[in-house]
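In: got a structure for you, letters missing:
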DNA sequence: TTGTAGGCGTTATCAA
DNA sequence: TTGATAACGCCTACAA
């Protein structure tokens, strides 16, 4: 049977409450008493029973991070950052994988596991603006991305349009004229695909390049395999290109594979840039240029906002939308650095913080 | 204030116990009563309070998975598999990152979070055979890997020696004579590095190749960067090689980068094989041959063994050691397939199950 | 088939 | 500075 505060109290010859005080760092305890309790705790190997504490305090000390899939490097790295940030603040993270399915994303908001944690950092991929009502719940949420603006929650997003535009302009500045896009979602109005595509189009316009639909490659899921397929299709169609902007790094690495398979030199014949700046990017051959959307800052900010709201009392603060700075990192795949050299910072797109008006939930 | 069973009972005009029975699927309830309770639950938006249930049942429904780092693709994919397997069985996974530090690994066994979950799947990287005593705890553990054999726990391990030997023999079978190893840990007696190195030496011996210390490249951490460095050092030293066995895929991808930077053709001049068969392997250029250690089966087996032990009553079953089959997957980097083709199965090393004698903890 | 009583281990309240 | 006592919300016995 597990050791309880009762056992410790008995052994130390004090009351249960005193043990509790010692455990929780209550300051007004005689040093001698504290010492005796500490010894008893160690002798008995006592550990606080979290379930009991949680029941009593109505807090679990856990937050949920809901992402599509951990095996996607971007989300694995994000999870790493979120866990570390939460850990520093003394909190523990529970990860939910949604597989980007509508059902599982809904479940995250109202399912079985909901009452296990005190708050949610949520990166939705299936839910959209029509589902805002689902976000009206009795626990704080921080939403990553811009699929569901208007939901009663804080948002931490990427600088998608500005960063995509900057990436496109960077390719244009290298003299590329036939810039393909890989990863588009036809007809979608919200989400990263739509925003990054918009940025791409803005970039083309600003560079004075025409928009050719043949240069748009669809890819529903942003995996290496779909990136490779989309690239292959475009090449097989005989579409003439001299640059590729892939909407994330997985797509870019897949595209790189397909380009290589077609005997096309990167960056000689085709310059390539991705998005996310995952760790892999540095080590592909050639090393992949990418957009660094400020992942670590996103993670830290999300945890910060969430814990702030969990700890908040009184009137709810207005919701905020935070956009970290993003950066274009030039590497070998755009010829920004010679082979074997580190990536270099090409440009920075500034983010910002704004307050969002939402009917309080 | 949150809705409790009490509120539901009142609304449905039944006792608390009846609500509890409905919630927990107790069969002997009149359909009409059940219906009434269900409606009350929905009207009120009632959710079970997990803390209270956990306190009462002494179960949390959570298990911990402790790994070094999620940003390492192998562990991200392992976590994905473990979460999925646990989810299927109705369990939730809490991930702890240890950064392979001794302190954090010890913490996993006895720290603050220990009482949050019912069991532990642990992939230690710092603790070793001298720390077996730490594993004598009052909750079940499944250990991944073979650093701490003898600990009172079930083990799920890779077929390290046999698989490494097979990988080495595969390179030899391609006519390679100067097979380098990347990722060795000098002086270490336990752990993946030691075992895979042993397999490499066995492979060399069986192929009748001499062991040349110049062909052994050290790399403490198995990251892409350290793999690239180790490879670079060896190349800069002018060591003659025609094949590389990297002890994991991250090292292999780093090595590939370094080989490329030196203008060396893979597999033309140097054949390359990794270990882990992470998703990246398929999409590097050239696609990376690798050892598939049976990750998914490892995850499923670990979850299965753990849940079995959590649910066990009565005398403890003897500890088991399970070794899934491993496979050599040949791709472009060993010239096993032509460019653009899928990998092919080169060989299978059979694992097995054995019972381990350990003084019961 | 349903209800009542009691306790799981902790923290909050209020005295002492 | 410390102690008694009452919840927190649920489940297990046992009774009806």
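Out: In hand now; what should we look at? Remember, it's a predicted structure, so these values are computed and weren't measured experimentally.

In: what distance do you get for the residue nearest the centre of chain A to DNA strand C?
Out: Centroid-nearest residue in chain A: residue A:78, 4.8 Å away (criterion: CA atoms, centre = their mean). Separation of residue A:78 from DNA strand C (CB to the nearest atom of the strand, to the nearest Å) stands at 32 Å. The way it works is simple: take the backbone N, C-alpha and C, and place the C-beta from them, glycine included.

In: same deal with residue A:155?
Out: Distance check for residue A:155 against DNA strand C: by CB to the nearest atom of the strand, it reads 32 Å.

In: and the nearest residue to that residue once chain neighbours are set aside, what are its bridge partners?
Out: Nearest non-adjacent residue to residue A:155, counting by CB to CB, 6 or more residues apart in numbering or on different chains: residue A:321, 4.4 Å away. With DSSP bridges applied, residue A:321 shows beta-bridge pairing to residue A:155, residue A:354.

In: where exactly do the helices run in chain A?
Out: Taking DSSP state H as the test, the helices found in chain A are A:5-12, A:16-23, A:31-44, A:50-57, A:73-88, A:102-110, A:160-173, A:192-207, A:224-236, A:249-261, A:295-311.

In: tell me if the worst-scoring helix or strand of chain A on mean pLDDT is near DNA strand C.
Out: Of all helical and strand segments in chain A, the minimum by mean pLDDT, DSSP states H and E falls on helix A:50-57, at a mean of 85. Yes - shown here: helix A:50-57 in contact with DNA strand C (CB under 7 Å from any atom of the strand) through A:52, A:53, A:55, A:56, A:57.

In: now list the buried members of those residues.
Out: A:52, A:53, A:55 (16 or more other CB atoms under 10 Å in any protein chain shown).

In: follow-up on the earlier one: got TSV for the residues of helix A:50-57 next to DNA strand C, with distance to residue B:252 too?
Out: Output for the residues of helix A:50-57 next to DNA strand C, formatted as TSV (distance: CB to CB, whole Å):
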residue	distance to residue B:252
A:52	49
A:53	46
A:55	50
A:56	52
A:57	49
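
In: identify, from those residues, the entry nearest to chain B.
Out: Closest to chain B out of the residues of helix A:50-57 next to DNA strand C is residue A:55 (4.1 Å), distances taken as CB to the nearest CB.

In: just give the nearest non-adjacent residue to residue A:219, would you?
Out: The shortest distance from residue A:219 to any non-neighbouring residue, by CB to CB, 6+ apart, is to residue A:226 (4.1 Å).

In: ok, the closest residue in space to residue A:347 that isn't next to it in sequence - contacts?
Out: Setting aside the residues directly before and after it, residue A:347 is nearest to residue A:328 in space (CB to CB, 6+ apart), at 4.8 Å. Neighbouring residues of residue A:328 by CB atoms under 8 Å, 6 or more residues apart in numbering or on different chains: A:163, A:166-167, A:170, A:273, A:289-292, A:345-349.

In: sort out which of those are buried, if you could.
Out: Of the contacts of residue A:328, these count as buried by 16+ other CB under 10 Å: A:163, A:166, A:167, A:170, A:273, A:289, A:290, A:291, A:292, A:346, A:347, A:349.

In: farthest pair in those?
Out: Farthest-apart pair in those is A:289 and A:349; separation 15.1 Å (CB to CB).

In: got the contact list for residue A:234?
Out: Neighbouring residues of residue A:234 by CB under 8 Å, 6+ apart: A:180, A:182, A:214, A:215, A:217, A:241.

In: list the residues that contact the second one.
Out: Contacts were defined as CB under 8 Å, 6+ apart; by that measure residue A:182 touches A:217, A:219, A:227, A:230-231, A:234, A:244-247, A:251-252, A:255.

In: how does chain A divide into domains?
Out: Here the domain parsing of chain A from automatic domain parsing is A:5-57, A:62-157+A:295-325, A:160-293+A:327-350.

In: a markdown table for those domains, including distance to residue B:307?
Out: Shown next, in a markdown table, are these (distance: least, CB to CB, whole Å):
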| stretch | distance to residue B:307 |
| --- | --- |
| domain A:5-57 | 19 |
| domain A:62-157+A:295-325 | 17 |
| domain A:160-293+A:327-350 | 31 |
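
In: so where is chain A shaky, pLDDT-wise?
Out: Chain A contains residues with pLDDT under 70 at A:1, A:358-361.

In: before we move on, the earlier item: elements contacting the least confident helix or strand of chain A?
Out: Secondary-structure packing of helix A:50-57 (3 or more CB pairs under 8 Å, 6 or more residues apart in numbering or on different chains; DSSP states H and E): helix B:50-57.

In: right, I'll call it a day here.
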